[in-house]
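Sequence first, predicted coordinates after that:
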Amino acid sequence: MGLMSFLRNRAGFILTGAMAVAILAFLLGDVVKSGTPFWAKNQNRVAEINGEKIDFQEFNQQVDQTAEMFKQQMGGNLTTQMKSYAVQQVWNQLLQKEILKSEIEKIGLEVGKNELNDLVTGNRPSNQIVQAFTDPQTGQFNRNQLLTFISQLNTAGNPQAAQQWEMLLAAVKEERLNNKYSSLLNNSVYVTSLEANDEYQQRNKLANFKYVLLDYAGVKDSEIKITDADYQAYYDEHKNSFKNQEETRSIEYVVVDARPTAKDIDYAKETINRLKTELAASTNDSLFASINSDNKYPYTFVKKGQLSPALDSVLFNVPAGTIVGPYESNGLFEIAKVAQTTVGPDSVKASHILLNATAEGGVQKALAKADSIKGLLAKGESFSSLAVQFSTDQGSKVNGGELGTFPRGQMVPVFDNAVFNGKTGDIKVVESQFGVHIIKIENQIGSAKYVKAAIVDKAIISGKETLNTAHSKANAFLTAATAQNFAQEAQKLGLKATTATRVLAMDNTLDGNEAPRELIKWAFEAKKDDISDRVFETEQSYILARLVDVQPKGILPLATVKKDIEPAVKNAVKAKLLTEKMNAALSGASSLDQVGQKLGKTPVAVENIVLANPVIPGVSLENKVVGTVFGLQPNKPSKAIEGAQGVYAVQVNGFVNPAAIPDLNAQKKQILAGKLQRSWASIFKALQDKSEITDNRVKFF
């Protein structure tokens, strides 16, 4: 196995999130920027973070690589969702890199040469090194593979592999610097004895009290009058909660359903039934499946758990030659014809010696040489020694031909058949597209029933008639709609207009439903009340949109949040009325029972409430009310308290103080652990808020 084969074959686990970090850290680092005019640079600038300008081509290269990683990890085709995830991951990594870079430089943190070497080949290598060189079958770090890879870097002369290695080293170094920085900050977090004791009291001191509640719901909206001053007062008091971290937009949209109709489903069912008849008569099942199936399934042995639930429940219980289905699953119909069943190992450990047929003078000469080597093995010669002497697979020969342990389907079919149909200790000679192999089966692990089947599926898709009808309706709406009658015109056509608020530039959904990126990009280029000049398409619908509002970055103006705060403002106005009513009842009363009599309400008793969980059972979370309780003297009614559910008056019956804190140090350690868990996110958020960040991604993605 050559150097690049090593990288390719392990792409699914080398290129994990950690490797994504590595690639991003390296390629977004010291990239030489030259030869581009100033205006072109600005035009292609995807972002600027604390003065560091990020070019689109550089950024997009990382997005493509990360998206490819997701594709390898998740399987199937590259989806828009994978691309969206990739853009966000690259952005998050870029933010962290650039925001922390200047902080780390200020402090003067570095990673020395010996320290870096230790992180790569030392006794406790970096997590990223461990992940990149972990055997996917055993789940164990393979130090020999690491050392072999490093030694081959100096001899293989492969610039692509060398670049990938540099990416990984850059990521290891950056991770170490970030860990040093976070460790410095974490070591500045501490807990005092006073804090520990206070926390203990909040969780263990019990309050028993009773309350009278005048519920906001008891006041009808028609009984109050809300003024602009009421809105302004509430807005001024809660202004910081209206801070927009980045620009958002409100989009009114109409969805025209283009999903398959009953007629389309019947057509797909007729098609799959016709294919079932043809599959029964087929003499080349794998070719038939390859030509006729919408999804191309490998024609190989699979075991239970690897197919759709419907096929999985049937295929392993029928003999070879049986055709099953059709079954409906995830928007498609499936049929399958069983070609072969077998019981065999789950995985095999094997070694091989690879001969290059061309170099040996042809396949026949290579096979003859393979037989000679097989004869030497039969006489007791060492397989590993012969592998080092004869094998042309540079990746495995250095380990005596060892290929490790692998499951069915990882090797080419002829190789797979040889090792999974043989038995432990067998020596086999087979020919593949790579050459002639002398294979030794070292061990066979596990046992299960396997089935080889030709699987054919047909997607249930919207037919031409369905799509034309939906598209015509969408165009009719687009022609008639204006900013003023958008919702009304939708209703005339049996459609519904919905408004998604606070849409972010990099969102790909509206209210949780799929939305094309083109629609979001349009919205962030449009002006208020603009209507899209085109119909946007998803796989199952057509969408038309109107830009309702723009919420700029920073503290949002009152006009923007007025509708959102209306319920809270109503409660604030109701609270004034109810507070007057409660104060009148409290006046001259020496107990809560008297207050209740005046209001015609029986006080409700609650027990064993702690400050750390300020919930009034059966009512709601009431921070202000429970906080007031723990500051009261027993047997005296409180003043009126404006809570979340209404206006309260409370009276403490008594407190139950806990025993002395059993282990102050243990309490301090527990609180410290919680603080440390939260500290990094808070610190990074603070650094991010203070950073100068210009995000232009919406122009490109």
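It's in. Fair warning: this is a prediction, and the values are worked out from it, not measured in the lab.

can you pull the contacts of the residue nearest to the spatial centre of the chain?
For the chain, the residue whose C-alpha lies nearest the mean C-alpha position (Cα atoms, centre = their mean) is Tyr85; its distance is 6.9 Å. Residues in contact with Tyr85, defined by Cβ atoms under 8 Å, 6 or more residues apart in numbering, are 67, 70. Every residue, glycine included, has its C-beta placed from N, CA and C.

Okay, strands next: where are they in the stretch 151-300 of the chain?
206-215, 243-244, 248-257 (DSSP state E, counting those that start in this stretch).

averaging pLDDT over each of the ones you listed, which comes out lowest?
Per-segment confidence across those bottoms out at strand 243-244, which has a mean of 90 in mean pLDDT.

so how far is that one off the chain centroid?
Relative to its chain's centre, strand 243-244 lies at 25 Å (Cα atoms, centre = their mean, to the nearest Å).

which other residues reach it?
Taking Cβ under 8 Å, 6+ apart as the criterion, the residues outside strand 243-244 that touch it are 551-556.

which of these lies closest to Gly361?
For these, the minimum distance to Gly361 (Cβ to Cβ) is 71.7 Å, reached by Lys553.

Return the residues in contact with that closest one.
If a contact means Cβ under 8 Å, 6+ apart, then Lys553 has 244-247 as its contacts.

switch to 7 Å and redo it
Lys553 makes contact with 244, 246-247, according to Cβ atoms under 7 Å, 6 or more residues apart in numbering.

Buried ones among the residues you listed?
Buried members of the contacts of Lys553, scored by 16 or more other Cβ atoms under 10 Å, are Glu247.

Export the contacts of Lys553 to TSV and append columns for distance to Glu174.
Formatted as TSV, those follow (distance: Cβ to Cβ, whole Å):
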residue	distance to Glu174
Asn244	31
Glu246	25
Glu247	30
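
pLDDT wise, what is Lys675 at?
What the model reports as pLDDT for Lys675 is 89.

now it, nearest residue through space, not along the chain?
In space, not counting the residues next to it along the chain, Lys675 is nearest to Val189; the distance is 5.2 Å by Cβ to Cβ, 6 or more residues apart in numbering.

looking at it, that neighbour is touching Gln677, isn't it?
No. Using Cβ atoms under 7 Å as the test, Val189 is too far from Gln677 to be in contact (10.4 Å).

With neighbour numbers in mind, choose between the two.
Taking Val189 and Gln677 together and counting by other Cβ atoms under 10 Å, Val189 has the greater number of neighbours (12 against 9).

ok, now which ones touch the more buried one?
When contacts are taken as Cβ under 7 Å, 6+ apart, Val189 is in contact with 672, 675-676, 679.

Quick check on the residues you listed: which are buried?
Buried among these by 16+ other Cβ under 10 Å: 672, 679.

mind listing what's buried in stretch 660-676?
With the criterion 16+ other Cβ under 10 Å, stretch 660-676 contains buried residues 661, 667-668, 671-672.

Now intersect those with the helices, please.
The subset of those located in helices under the criterion DSSP state H comprises 667-668, 671-672.

in what helix or strand does the residue nearest to the centre of the chain lie?
helix 80-107 (DSSP states H and E).

Okay, the residue nearest to the centre of the chain and Val63: tell me how far apart.
For Tyr85, the distance to Val63 equals 10 Å [Cβ to Cβ, to the nearest Å].
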